[in-house]
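Student: structure for this input, please:
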Amino acid sequence: MKVQVLQENLQRGLSIVGRAVATRSTLPITANVLLLTDNGRLKLAATDLDIAISAWVGAKIDEPGATTVPSRLIADFVASLPAATVNLEIPERGRQVKLECARNESTINAMDAEDFPKIATLAGGNAIEIDPKALRKAIERVEFAAASDDSRPVLTGVHVRSEGTKLTFASADGFRLAVADIELARAPEEPIEVVVPARALREVSRLLGDAAETVEMRLNTQKTQVQFTLTDVELVAQLIQGTFPNYSQLIPSEYTTRVRVSLEEFRREARIAAIFARDGSGIIRLEIFPGDGMPGRLKVSARADEIGNNEGEIDASVEGDASKIAFNSRYLQDVLGALTGDEVALEMTSPSSQGVFRPVADEGYVHVVMPMFVQW
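Tutor: Here you go, the predicted structure:
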């Protein structure tokens with residue numbers, strides 16, 4: 001193998017695939033990155049057996065070949081090199097990669113590419129094309145609400161389901177539920193209903209960046225793997241098997257109180273209240289007061305017995321009765337951080353029933369949070 005590649009291209013490729021490198025594994029080679037010549041380009045790949053990321057970079061291929069090298073070592077080394085051409089060379093049957101760049105010359109111990117786990121490339125199966133901006137927005141609105149522990153594996157994923165040209169992403173951890181919709185240009189050939197690991201979608205969101213090209217999402221025929229194809233990058237993930245809860249019944253269809261406020265002001269007051277909540281029980285209290293002909297009010301407060309308390313008010317448009325509800329500080333800040341637009345609406349029926357958050361100008365998102373029980 002003999003390859004010439006620009007330092008900045010090699011560094012970019014290594015940073016892309018590096019997030020899939022196994023940090024703890026009984027298979028040592030998964031701590032390596034695969035370097036492989038592929039149709040006149042250099043392919044880099046890494047996997048932790050749950051997700052795999054492949055990236056292609058432009059290169060001059062003098063001799064084809066493949067090898068694997070320790071990911072952290074080569075990434076740190078290449079990042080420290082000057083912006084020049086990097087020469088990679090492996091003698092036939094050699095176990096070391098020789099790298100030259102400007103006046104730097106190094107050798108890195110390698111492992112055989114044949115021992116690297118095979119990374120699937122999905123060619124058949126059901127596929128859809130998604131606008132990258134819409135996909136990234138949907139992922140950012142739901143992935144944080146997935147469960148972080150493995151006691152119920154299906155809740156560590158995001159439920160993805162198609163209905164005609166509507167693609168719905170949903171996640172829940174038992175205390176909150178996030179649901180976001182995407183409108184597709186064309187409906188899939190077969191309806192889609194799978195559970196994608198939240199971690200895999202986080203990586204897809206990171207890879208999307210400011211991408212403008214459409215993203216292809218493809219399932220294999222057995223519905224055990226999903227592949228996201230971007231420009232010069234592919235991510236393959238193992239799907240989570242299991243039945244996702246029927247979340248539609250968790251979204252109330254009616255409310256007795258609806259308050260509409262400035263999203264930016266609500267974020268600010270929640271952030272201030274969180275400073276006091278973290279020294280208490282992590283609870284933020286919300287009290288809603290109709291205006292009776294005048295603008296209504298939303299009072300945001302938190303208290304810690306040993307520290308003090310805080311109260312803030314926001315002008316609000318209130319429908320229905322006066323009410324009150326309390327939320328976990330982190331959950332409240334998470335949903336407000338995921339919302340977009342100028343205004344947010346909070347709908348509720350009682351202090352002991354779930355609160356429903358919706359962006360006023362966007363019907364494609366809903367977030368449900370279970371309340372905290374407090375002494376008022």
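Student: what number of residues lie near the residue nearest to residue 6 when sequence neighbours are not counted?
Tutor: Excluding the flanking residues, the one nearest residue 6 by Cβ to Cβ, 6 or more residues apart in numbering is residue 85, at 6.1 Å. Quick note: C-beta positions are derived from backbone N, CA and C, even for glycine. Per other Cβ atoms under 10 Å, the neighbour tally for residue 85 reads 15.
Student: for residue 85, which residues are in contact?
Tutor: By Cβ atoms under 8 Å, 6 or more residues apart in numbering, the contact set of residue 85 is 4-7, 101.
Student: could you measure from it over to residue 97?
Tutor: Remark: distance between residue 85 and residue 97 (Cβ to Cβ, to the nearest Å) = 16 Å.
Student: likewise for residue 157?
Tutor: Taking Cβ to Cβ, one finds residue 157 at 37 Å from residue 97.
Student: more neighbours, those two?
Tutor: residue 157 (26 against 20).
Student: isn't the more buried one right up against residue 197?
Tutor: Yes: shown here, residue 157 and residue 197 form a contact pair, counting by Cβ atoms under 8 Å, at 5.1 Å.
Student: find residues that contact each of those two.
Tutor: Common neighbours of residue 157 and residue 197 (Cβ under 8 Å, 6+ apart) are 239-240.
Student: what distance separates stretch 155-175 from the centre of its chain?
Tutor: Relative to its chain's centre, stretch 155-175 lies at 13 Å (Cα atoms, centre = their mean, to the nearest Å).
Student: and if you look at stretch 101-120?
Tutor: Relative to its parent chain, stretch 101-120 has a centroid offset of 29 Å by Cα atoms, centre = their mean.
Student: stretch 132-150 now?
Tutor: For stretch 132-150, the distance to the chain centre is 5 Å (Cα atoms, centre = their mean).
Student: all the helices of the stretch 251-376 of the chain, residue numbers only.
Tutor: Counting by DSSP state H, counting those that start in this stretch, the segments of the stretch 251-376 of the chain that form helices are 263-277, 329-338.
Student: same question but for the stretch 101-250 of the chain, I mixed them up
Tutor: 132-142, 198-208.
Student: just the CA coordinates of the last one, formatted as CSV?
Tutor: Pointing back at helix 198-208 there. Coordinates of each C-alpha in helix 198-208 appear next as CSV, following Å, rounded to 0.1, in the frame of the first residue of the first chain:
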residue,chain,number,x,y,z
ALA,A,198,-30.3,7.5,20.1
ARG,A,199,-26.5,7.5,20.1
ALA,A,200,-26.4,6.7,16.4
LEU,A,201,-28.8,9.6,15.6
ARG,A,202,-26.6,11.9,17.7
GLU,A,203,-23.7,11.0,15.4
VAL,A,204,-25.8,11.5,12.3
SER,A,205,-26.7,15.0,13.6
ARG,A,206,-23.1,15.7,14.2
LEU,A,207,-22.1,14.5,10.7
LEU,A,208,-24.8,16.5,9.0
